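What follows is a predicted structure for the sequence shown.
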Amino acid sequence: MNPLICARCGEHTDHPRVEPGPVLRCARCGHREPFARLPLYCVTGPSGTGKSTVARLLLPLLADRFVVLEQDLLWTAGLRDSGTEHPLFRSTWLRTAAMVHQNGRPVVLCGTVVPPELEPLPERVLFSEIRYLSLMAEPEVLAERLRARPKWREWDEPRIAEMLEYAAWVRDTAHEMHPPVDLLDTTTAAVEDTAAAVAAWVLDHAGR
């Protein structure tokens, strides 16, 4: 079920309307359809903090209740839209997660993103809330992790410096964002411990 297409008249919209119930309401014909408006959990952070590795370990920890997905899967071709906030890429992921939610399981989305990139999008109404947990690491450790990556990933020194600036910005402003971004330091933690902490964070918020 595509939440952007009316089941009665077939009208497509890029600005879905969700009303109490919750239900999707077609702006053209007024058709109302039950809709699973679930929370979305974003496991984010600068490159090199361990998101992809943690995502793999989250599967056995959360797969009985959640669907774990990694953003980079769709970082291809036309979805690499211009602009620093990549709105087409972000919208595509929100639409995908909202459709997965119709199966009754919330999505845990792993990949670099911050609230200003998701909260203003029209697809935001498809979720009851979005929670953000950013993995972090000390600058020197983060830099070494990025230098150790395969050459095809193209982590040269200017790009590493840019990522370190981004990491510092996230650390300094996480509490000011709307909603606030929780932080989890991975500098010295074993990856299994980080995955367990992330799973605990998801389960804690899901239980509230």
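Okay, I see it.

pLDDT at the residue nearest to residue 119 when sequence neighbours are not counted, what is it?
Residue nearest to residue 119 in three dimensions, not counting chain neighbours: residue 178, with 6.7 Å by C-beta to C-beta, 6 or more residues apart in numbering. For the C-beta atoms, the positions are set from N, CA and C on the backbone; glycine is no exception. Residue 178 carries a pLDDT value of 97.

Next, work out how far apart residue 178 and residue 91 are.
Relative to residue 91, residue 178 is positioned 19 Å away (C-beta to C-beta, to the nearest Å).

Which one's more surrounded, the two?
More crowded of residue 178 and residue 91, by other C-beta atoms under 10 Å: residue 91, with 18 against 8.

show me what contacts the more buried one?
Residue 91 sits next to 121-123 when contact means C-beta atoms under 8 Å, 6 or more residues apart in numbering.

how does it look with 7 Å?
By C-beta atoms under 7 Å, 6 or more residues apart in numbering, the residues touching residue 91 are 121, 123.

what's the helix or strand for it?
Applying DSSP states H and E as the criterion places residue 91 in helix 87-101.

Now do the buried residues in that helix.
Residues of helix 87-101 classed as buried: 89-101 (neighbour count, 16 or more other C-beta atoms under 10 Å).

Outline the domain layout of this protein.
According to automatic domain parsing, the chain comprises the domains 1-35, 38-206.

ok, and which of those domains has the densest surroundings?
Among those, domain 38-206 has the highest mean neighbour count (mean count of other C-beta atoms under 10 Å), at a mean of 17.

gap between the two ends of it?
Across domain 38-206, the terminal residues are separated by 10 Å (C-alpha to C-alpha, to the nearest Å).

Check the offset of it from the chain's centre.
Put simply, domain 38-206 sits 5 Å off its chain's centre (C-alpha atoms, centre = their mean, to the nearest Å).

Begin at 52 from now on, thanks
OK, 52 is where the count begins now, so the last one is domain 89-257.

My reading is that the residue nearest to residue 170 is in a strand; is that accurate?
No: Residue 229 sits outside any strand when classified using DSSP: H, G, I helix; E, B strand; the rest coil, being coil.

could you pull out the helices for the protein?
For the chain, the helices defined by DSSP state H occupy 102-113, 138-152, 166-169, 190-198, 208-224, 242-257.

so which of those helices comes closest to residue 52?
Closest of the helices of the chain to residue 52 is helix 138-152, at 6.8 Å (criterion: C-beta to C-beta).
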